[in-house]
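Chemist: Using only what follows, build the 3D model:
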Amino acid sequence: MIITKSIEEIIRPENGACVTIGNFDGVHKGHQKLICSTCQKAKANGLKSVVVTFDPHPLRVLVNSKTPPFITLTSQKLELIALHNPDIILALKFSREIAALSPEEFVKKFLLDPLNMKEMVVGYDYALGKGRSGNYKVLAELGDKYGYGIERLDPVIIMDAVVSSSRIRDMVQEGNVWDVRPLLGRFYQVRGEVVHGMNRGGRLLGFPTANIKLEDELFPKTGVYAIRVEVDGKVLPGVANIGKNPTFGNDALSVEAHILDFSHDIYGKNIRVHFIQRIRSERKFNGLDELKERIGIDIGLAREILSYPESQVRPGLHLTESGSGAC
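Modeler: Residues are numbered from 1 along each chain as shown. Purely as a prediction, here's the structure:
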């Protein structure tokens, strides 16, 4: 497998390639269907399977600060795509110059000439080129002109609605992390480095917490969650608070994770937090005793939630059984 951000690093496939292209934010079940279909079609026709995406996301270039928070940063997106084993993953550096290309110019410059594209697989609503003018009809006409086939896949429907990045983003921001799992094929996760915080969890409350310097952009709604924490290749049960710690008068948003039955020093380590289910909203308590009592209740509820077989998480970026990376 080749994972690259430079098209110059790709040796032009002699027999041709089957290509899918998209932003793939979240690499959700709809994206997984596209990638798997591309890999299967490539194998059946003796072609190389190629997934083309963009870095940064085109919206980040075209509208900048007005973009919504993205579900996956580029590094995680590429890791998730790689689980499906395409031959080549190309993360093109997106620019205004690329955005200004006509569909024909883009197809020739990035798909036909360097990749020798013979087949193309696109989503039901995908379009490329200036002003998103390269819809399925236009791409099919270009296929007739340049000799490549094109297949358009129907949307993936889960819970009576189309699986989309915007739908997933809304669900995560509403704190609906349990129900987002079937759409992603995994629980929503964030990651970051464990750093020193205010040292209140263990010292004042008796529940030590890992304060996380987060890398991600998208966070669940403030509140308390049952979680699973990935550290040093192990998956451990826990409880997390997302919020501003109103009992202590904090203004800054933080994510603090208490790992159950765990006492090891993990400062400086990079961890992943998988959000399993929201337990309650954030609230201000009348002193430490009331807060400690509520934390004890939260831990009990988390243990119950995490006892469900459906709450299991495997180490690494592996998808859940229902969203296995195997195509």
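Chemist: From what I see, Ile279 and Ala226 are in contact.
Modeler: Yes: at 6.0 Å, Ile279 counts as touching Ala226 under the criterion of CB atoms under 8 Å. Any C-beta I mention is one placed from the backbone N, CA and C, and that applies to glycine too.
Chemist: Pull up the overlap in contacts between these two.
Modeler: Val239, Leu301, Ala302, Ile305 (CB atoms under 8 Å, 6 or more residues apart in numbering).
Chemist: Now those in a markdown table, please, with extra columns for neighbour count and secondary structure.
Modeler: Below are the shared contacts of Ile279 and Ala226 laid out as a markdown table (neighbours: other CB atoms under 10 Å; DSSP: H, G, I helix; E, B strand; the rest coil):
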| residue | neighbour count | secondary structure |
| --- | --- | --- |
| Val239 | 26 | strand |
| Leu301 | 16 | helix |
| Ala302 | 24 | helix |
| Ile305 | 20 | helix |
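Chemist: So if I had to pick from Ile279 and Ala226, which one is more boxed in?
Modeler: Ala226 (27 against 21; other CB atoms under 10 Å).
Chemist: which SSE is the closest residue to Val177 other than its chain neighbours in?
Modeler: Nearest residue to Val177, sequence neighbours excluded (CB to CB, 6 or more residues apart in numbering): Phe275, at 4.1 Å. According to DSSP states H and E, Phe275 maps onto strand 270-280.
Chemist: Ala257 now?
Modeler: strand 254-259.
Chemist: from the chain's centre, how far out does that strand sit?
Modeler: 20 Å (CA atoms, centre = their mean, to the nearest Å).
Chemist: which secondary structure elements does that strand contact?
Modeler: In terms of contacts (3 or more CB pairs under 8 Å, 6 or more residues apart in numbering; DSSP states H and E), strand 254-259 is packed against strand 210-214, strand 223-231, strand 234-243, strand 270-280.
Chemist: out of the ones you listed, which comes closest to Tyr136?
Modeler: strand 270-280 (35.6 Å; CB to CB).
Chemist: low-scoring stretches of the stretch 101-250 of the chain, by residue?
Modeler: 197-206, 244-250 (pLDDT under 70).
Chemist: now the strands for it?
Modeler: With DSSP state E, counting those that start in this stretch as the criterion, the stretch 101-250 of the chain has strands at 117-122, 149-152, 157-158, 161-162, 189-195, 210-214, 223-231, 234-243.
Chemist: Make JSON lines out of these and add distance to Thr67.
Modeler: What follows is those, written out as JSON lines (distance: least, CB to CB, whole Å):
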{"stretch": "strand 117-122", "distance to Thr67": "23"}
{"stretch": "strand 149-152", "distance to Thr67": "26"}
{"stretch": "strand 157-158", "distance to Thr67": "25"}
{"stretch": "strand 161-162", "distance to Thr67": "21"}
{"stretch": "strand 189-195", "distance to Thr67": "18"}
{"stretch": "strand 210-214", "distance to Thr67": "18"}
{"stretch": "strand 223-231", "distance to Thr67": "25"}
{"stretch": "strand 234-243", "distance to Thr67": "21"}
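Chemist: Pretty sure Lys41 sits against Met120.
Modeler: No: counting by CB under 8 Å, Met120 is not a contact partner of Lys41; they are 9.6 Å apart.
Chemist: domain assignment for this structure?
Modeler: Segmentation of the chain into domains, based on automatic domain parsing, reads 13-161, 188-313.
Chemist: could the ones you listed go into JSON lines alongside distance to Ser6?
Modeler: As requested, those are exported to JSON lines (distance: least, CB to CB, whole Å):
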{"stretch": "domain 13-161", "distance to Ser6": "8"}
{"stretch": "domain 188-313", "distance to Ser6": "24"}
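Chemist: Among those, show me which one is buried the most.
Modeler: Counting by mean count of other CB atoms under 10 Å, domain 13-161 has the highest mean neighbour count of the domains of the chain, with a mean of 18.
Chemist: Is the residue nearest to Val177 bridged to anything, and to what?
Modeler: With DSSP bridges as the criterion, Phe275 is bridged to Ile227.
Chemist: Same question for Lys93.
Modeler: Asp55.
Chemist: tell me the contacts of it?
Modeler: Lys93 neighbours (CB under 8 Å, 6+ apart): Lys5, Phe54, Asp55.
Chemist: Let's see that with 10 Å instead.
Modeler: Lys5, Ser6, Ile7, Phe54, Asp55, Pro56, Val61 (CB atoms under 10 Å, 6 or more residues apart in numbering).
Chemist: Touching, the fourth one and Leu78? I think so.
Modeler: The one in question is Phe54. No: at 11.5 Å, Phe54 and Leu78 do not qualify as touching, with contact defined as CB atoms under 10 Å.
Chemist: hey, what's in contact with both of the two?
Modeler: Common neighbours of Phe54 and Leu78 (CB under 10 Å, 6+ apart) are Lys5, Phe24, Leu90, Ala91.
Chemist: out of the residues you listed, what pair is the most spread apart?
Modeler: Most distant of these, by CB to CB, are Lys5 and Phe24, 14.5 Å apart.
Chemist: picking that back up, which residues are common contacts for Lys41 and Met120?
Modeler: Shared contacts of Lys41 and Met120, defined by CB under 10 Å, 6+ apart, comprise Cys18, Val19, Thr20, Gly149, Glu151.
Chemist: Brilliant, that's me finished.
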